[in-house]
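Chemist: Quick one: sequence and predicted model below, then my questions.
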Amino acid sequence: MTLNTEQEAKTPLHRRASTPLPLSPRGHQPGRLSTVPSTQSQHPRLGQSASLNPPTQKPSPAPDDWSSESSDSEGSWEALYRVVLLGDPGVGKTSLASLFAGKQERDLHEQLGEDVYERTLTVDGEDTTLVVVDTWEAEKLDKSWSQESCLQGGSAYVIVYSIADRGSFESASELRIQLRRTHQADHVPIILVGNKADLARCREVSVEEGRACAVVFDCKFIETSATLQHNVAELFEGVVRQLRLRRRDSAAKEPPAPRRPASLAQRARRFLARLTARSARRRALKARSKSCHNLAVL
Ligand SMILES: Nc1nc2c(ncn2[C@@H]2O[C@H](COP(=O)(O)OP(=O)(O)OP(=O)(O)O)[C@@H](O)[C@H]2O)c(=O)[nH]1
């Protein structure tokens, strides 16, 4: 995957990938902010691309590309999505967002107090622009309505906890419940992230607990370490894949057919279908527990 910065045609100045954007959605479709043309990346590469295995204690050297596949995106058009970071203070949201934006600019972000980061990722040969919003703590200090709007305005949500802080894990569950209230019918990707996976000796939340929580709350799960740049690329690539999968899934769903009074045979068929669905749901739950850590499948 190639990380590309982007410019809007009418923007006179060069805009860096980390340039903050206005918080209000700009797009026309629900969950999508807008589409913009992309240009070739000038951005520093993002770090470590790692597996789900526990990290080693040394950061690995940055790979050539933070991508599953590189492509020249010049002239292409890509989707732009708003990804909201949620979680307790100090769990590593800003660190993850800074890595997303480009680690070489991290100090600059901190100086400027920026909390919205934009970057174009090329995942599986297709460009997608993510706008990562790290305003949760600021919203909390503000009014509850602005927190509410934060919970409503995302195309995807990343709920972060620290594996070394059980309290933050419990908060993550509460956040998931809050999100369920605001996004009951939506197919919005939610990814539970156990950050600080490098702090093995201080671990208070096991991988199994994180995974079980994700299964119960029907979301994806990944452990990361911002410090070691472990699984950070996988996280944001996963967000892109989840957005695409859901977009395709909802596009494939046909509008409901007009309802006519059901015949006895139809009712019997529905009854049998419900029975089958129940056992399918049980099977799906089992499958989810096996796949919740796979961010490339629904
Ligand atoms: N060991 C370790 N420390 C981390 C990791 N990620 C972040 N930290 C540290 O945790 C502290 C808090 O990180 P932030 O990124 O500011 O956390 P935050 O969630 O944005 O916190 P708020 O800004 O208060 O919301 C900093 O000292 C980071 O260096 C990690 O993966 N491992």
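Modeler: Here it is on my side, so go on.
Chemist: list the helices and strands whatever helix or strand Thr122 lives in packs on?
Modeler: For Thr122, the enclosing helix or strand under DSSP states H and E is strand 116-123. Strand 116-123 is packed against strand 3-4, helix 93-101, strand 126-133, helix 232-252, with contacts defined by 3 or more Cβ pairs under 8 Å, 6 or more residues apart in numbering; DSSP states H and E. The way it works is simple: take the backbone N, C-alpha and C, and place the C-beta from them, glycine included.
Chemist: Tell me the strands beside it, with direction?
Modeler: Its sheet considered, strand 116-123 pairs with strand 3-4 (antiparallel), strand 126-133 (antiparallel) by DSSP bridges.
Chemist: least reliable of the ones you listed going by mean pLDDT?
Modeler: When mean pLDDT is averaged over each of those, strand 3-4 scores lowest at a mean of 47.
Chemist: Helices along the stretch 101-250 of the chain, start to end?
Modeler: Shown for the stretch 101-250 of the chain, the helices assigned by DSSP state H, counting those that start in this stretch span residues 106-112, 136-141, 144-152, 166-182, 207-216, 232-252.
Chemist: Taking strand 126-133 as reference, get the angle to the last one.
Modeler: With axes from the mean of the first three to the mean of the last three Cα atoms, to 10 degrees as the criterion, the two stretches helix 232-252 and strand 126-133 enclose an angle of 110 degrees.
Chemist: the inter-axis angle of the very next helix or strand once past helix 232-252 versus helix 207-216?
Modeler: Later in the chain than helix 232-252, the nearest helix or strand by DSSP H and E is helix 264-291. Here helix 264-291 runs at an angle of 160 degrees relative to helix 207-216 (the same axes, to 10 degrees).
Chemist: So what's the residue count around Leu272?
Modeler: Residues lying near Leu272 (other Cβ atoms under 10 Å) number 10.
Chemist: And the one 5 residues further on, by the same measure?
Modeler: Other residues lying near Ala277 total 12 when counted by other Cβ under 10 Å.
Chemist: Up against the ligand, what does the stretch 101-250 of the chain have?
Modeler: Residues of the stretch 101-250 of the chain lying close to the ligand (Cβ under 6 Å from any ligand atom) are 137, 195-196, 198-199, 225-227.
Chemist: deepest of the helices of the stretch 101-250 of the chain, which one?
Modeler: Stretch with highest mean neighbour count among those: helix 232-252 (a mean of 20; mean count of other Cβ atoms under 10 Å).
Chemist: Show me where this structure dips below the pLDDT cut-off.
Modeler: Applying pLDDT under 70 to the chain picks out residues 1-79, 103-114, 138-146, 184-186, 250-262.
Chemist: can you tell me which strand in it is longest?
Modeler: Looking across the chain with DSSP state E, the single longest strand is strand 77-87.
Chemist: Please produce JSON lines containing the strands paired with strand 116-123, extended by mean neighbour count.
Modeler: As requested, the strands paired with strand 116-123 are exported to JSON lines (neighbours: other Cβ atoms under 10 Å):
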{"stretch": "strand 3-4", "mean neighbour count": "24"}
{"stretch": "strand 126-133", "mean neighbour count": "23"}
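Chemist: Show me what the longest strand of the chain is packed up against.
Modeler: Secondary-structure packing of strand 77-87 (3+ Cβ pairs under 8 Å, 6+ apart): strand 34-37, helix 93-101, strand 126-133, helix 136-141, helix 144-152, strand 156-162, helix 166-182, helix 232-252.
Chemist: Neighbouring strands - and their directions - for it?
Modeler: Strand 77-87 has the following strand partners under DSSP bridges: strand 34-37 (antiparallel), strand 126-133 (parallel), strand 156-162 (parallel).
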